[in-house]
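>>> Sequence first, predicted coordinates after that:
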Amino acid sequence: MQVFWRNGYENTSMQDLLDTMQISKSSLYQAFGGKQALFERCMTRYGDDMIGTLREALQASPSGLGFIRQFLESVLDEARGVCETRGCLVLNTANEFARRDPEIAKAVSRGLDRFHEVLLAAVERAQKEGDIPSARNAVMLVNYLVSSMSGLKTMSKAGTDEDTLHGIIELTLKALQ
């Protein structure tokens, strides 16, 4: 998963995978069925890990809006150099080639749907808490948040400075209210 995440699907060679996994080509095919099948399993694993982390953070957050802020501000860690600027595997994959391959498109769609579920729970919670007007369409707000995060991740990978990213995050949060 880390190799695909770092390099992208197309820039990850079979040899990269064999070296990282320390297995033979025949073992990879026997265990996973090939590069694409392995990639699809990695996408599922990534989604499971990320959604689990997001659900825990939402549950631990003192408010729905606080979670949304934390979610958006997580991109600042990349700008600060706290973590690698790899972006999100699901969004990277969508940008790389999801439209060209129906199976990968399905994997991307499943991944995005899972992010939507967590963010919808956060928006609805923030609406119940009075931080986001209940008259606002929660599903559209979630779509807006996903597109905002996608843009923030792309800008971070491109080297946009922390102050600019923070300004965009503040504007995004104001748009919710």
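Structure received. Residues are numbered from 1 along each chain as shown.
>>> Which pLDDT value goes with the residue nearest the centre of the chain?
Among the residues of the chain, the one closest to the centroid is residue 88, at 3.9 Å (C-alpha atoms, centre = their mean). With respect to pLDDT, residue 88 has a value of 73.
>>> which residues does it contact?
Applying C-beta atoms under 8 Å, 6 or more residues apart in numbering to residue 88 gives the contacts 50, 149, 150, 153. (C-beta placed from N, C-alpha, C; glycine too.)
>>> residue with max distance from the center of the chain?
residue 26 (31.7 Å).
>>> Now do the same contact list for residue 23.
Residue 23 sits next to residue 31 when contact means C-beta under 8 Å, 6+ apart.
>>> can you tell me how far it sits from residue 160?
Residue 23 is 39 Å from residue 160, where distance means C-beta to C-beta, to the nearest Å.
>>> Check residue 176 too.
From residue 176 to residue 160 the distance is 22 Å (C-beta to C-beta).
>>> buried residues in stretch 25-41?
28, 32, 35, 38, 39, 40 (16 or more other C-beta atoms under 10 Å).
>>> In this structure, where is pLDDT below threshold?
Residue ranges of the chain with pLDDT under 70: 79-87, 98.
>>> Going along the chain, name the helices of it.
2-7, 14-21, 25-32, 35-60, 64-73, 75-80, 89-96, 102-128, 138-157, 162-176 (DSSP state H).
>>> Now do the same contact list for residue 150.
88, 91.
>>> how does it look with 10 Å?
Residues near residue 150 by C-beta atoms under 10 Å, 6 or more residues apart in numbering: 87, 88, 90, 91, 92, 94, 95, 112.
>>> what's the neighbour count on the last one?
Going back to what we said before, that points to residue 112. Per other C-beta atoms under 10 Å, the neighbour tally for residue 112 reads 19.
>>> go on, the fifth one?
Applying the criterion other C-beta under 10 Å, we find 21 residues in the vicinity of residue 92.
>>> nearest to residue 100, of the buried residues of stretch 25-41?
Nearest to residue 100 among those: residue 39, at 13.6 Å, using C-beta to C-beta.
>>> Might you report the residue contacts of that closest one?
Contacts of residue 39 by C-beta under 10 Å, 6+ apart are 1, 4, 9, 12, 17, 32, 89, 93, 101, 103, 104, 107.
>>> Please consider this matter closed, and thank you.
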